[in-house]
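Colleague: only geometry, no sequence info:
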């Protein structure tokens, strides 16, 4: 049943572990962490009794842990899994379905790319903003696909961090794939893009064929954690514009960098978007000053922020609801700790979504989905 403060459990669904949950209408869509589980559709019209109504498998060597839904189209990634590779005759990239009937998705396209495939991405119903590996580049880059005809996606633009395009004569100044596109999020004519140990960038996509960098920042080092997501706040606070930047509590750039300050959530002033200014950081007080096991602290906040209370998936620390109304002093106002799933050693809350009813959906990367409400 779990336990917490300011949160009540509506239901728990026993399902394969997930990397992402997206809710549209009366259906939740899950991207699963481990094969053979690929993508699931869950009927949540009665949130007290969620029911899986459709599932797609994926072969060993790949996973499909991210999914997006808009405009009657469902898009899921295909990425190599834990050092695996695509089986002979298979592929990495994207799988696209028509979901006019969400209970019976109809596959319309398999979009293929190179290397490890596609990691995180967003989709607005027309364009997909993805993080694929492409021939001639080191690490994933930013790619914009037009899905006006979802059966025939068309590339309209790409951007990469200078140094990635080795086939074009560039030489990276970092090790391996340390600087790579992790997660592009669109608002208006801007893309907010996390770039792992390369920090983050804000891109102007007024001309999608020629994305242009407006700003960049990188705080690893002095901090050791990779930059996971740049999430714009969709309303002003104190007359200023903001974004939340989530660092991910996974392998640090250098074990000697900030070992007793686990990854957290930054509040960044982007009123002058050419100069992002970090003004505050939220971290669980009980984690500060101790060297926590990896995947204990911050992972991912909700990606659409319309309220000053922001739910965030906090890995082994469950769900944390953070009040950002005072950007200089963010604070926790509610929390929820699910039970440890069967077969796992601890909780691993990976992603969170809020539906139109205000219900909170929290998935564990090992097993299960919690449907919660604020009390």
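Modeller: Yes, it's here. What you are looking at is a predicted structure, and each value in this text was computed from that prediction instead of being measured.
Colleague: Centroid-nearest residue for this structure?
Modeller: residue 120 (5.8 Å; C-alpha atoms, centre = their mean).
Colleague: what's the spacing between that one and residue 76?
Modeller: As judged by C-beta to C-beta, to the nearest Å, residue 120 and residue 76 stand 12 Å apart. Bear in mind the C-beta positions are built from the backbone N, C-alpha and C, glycine included.
Colleague: Could you do residue 373 as well?
Modeller: Remark: distance between residue 373 and residue 76 (C-beta to C-beta) = 28 Å.
Colleague: any idea which element residue 370 lies in?
Modeller: strand 367-374 (DSSP states H and E).
Colleague: so what sits against both of residue 120 and residue 76?
Modeller: The contact sets of residue 120 and residue 76 overlap at residue 66 (C-beta atoms under 8 Å, 6 or more residues apart in numbering).
Colleague: Residue 373 and residue 76: which has the busier surroundings?
Modeller: residue 76 (26 against 13; other C-beta atoms under 10 Å).
Colleague: so how far is stretch 11-18 off the chain centroid?
Modeller: Taking C-alpha atoms, centre = their mean, to the nearest Å, one finds the center of stretch 11-18 at 18 Å from the center of the full chain.
Colleague: Stretch 33-52 now?
Modeller: With C-alpha atoms, centre = their mean, you get 18 Å for stretch 33-52.
Colleague: State the mean pLDDT of that stretch.
Modeller: Mean pLDDT, computed over stretch 33-52, is 98.
Colleague: End to end on it, go ahead and measure it.
Modeller: 17 Å (C-alpha to C-alpha, to the nearest Å).
Colleague: And for stretch 171-189?
Modeller: End to end - C-alpha to C-alpha - stretch 171-189 spans 30 Å.
Colleague: Mind listing residues that contact it?
Modeller: Against stretch 171-189 from outside (C-beta under 8 Å, 6+ apart): 119-122, 124, 127, 129-131, 138-142, 160-161, 163-164, 166, 191-198, 204-206, 226-232, 234, 253, 303.
Colleague: And it, what's buried?
Modeller: 172, 174, 177, 178, 179, 180, 181, 182, 183, 184, 185, 186 (16 or more other C-beta atoms under 10 Å).
Colleague: Same check on stretch 53-69?
Modeller: For stretch 53-69, by 16+ other C-beta under 10 Å, it's 54-56, 58-59, 61-69.
Colleague: And stretch 11-31, by the same measure?
Modeller: Under the neighbour-count rule (16+ other C-beta under 10 Å), stretch 11-31 has 12-13, 15-24, 27-31 buried.
Colleague: What of stretch 277-290?
Modeller: Going by neighbour count (16+ other C-beta under 10 Å), the buried part of stretch 277-290 is 280, 281, 282, 283, 284, 287.
Colleague: Distance to residue 325 added to the residues you listed, as JSON lines?
Modeller: Formatted as JSON lines, the buried residues of stretch 277-290 follow (distance: C-beta to C-beta, whole Å):
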{"residue": "280", "distance to residue 325": "12"}
{"residue": "281", "distance to residue 325": "16"}
{"residue": "282", "distance to residue 325": "12"}
{"residue": "283", "distance to residue 325": "18"}
{"residue": "284", "distance to residue 325": "19"}
{"residue": "287", "distance to residue 325": "23"}
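Colleague: With respect to residue 339, which of these is nearest?
Modeller: Nearest to residue 339 among these: residue 284, at 19.3 Å, using C-beta to C-beta.
Colleague: Tell me how far that closest one lies from residue 320.
Modeller: Taken as C-beta to C-beta, the span from residue 284 to residue 320 is 7 Å.
Colleague: what's the overlap in contacts for the two?
Modeller: 314, 332.
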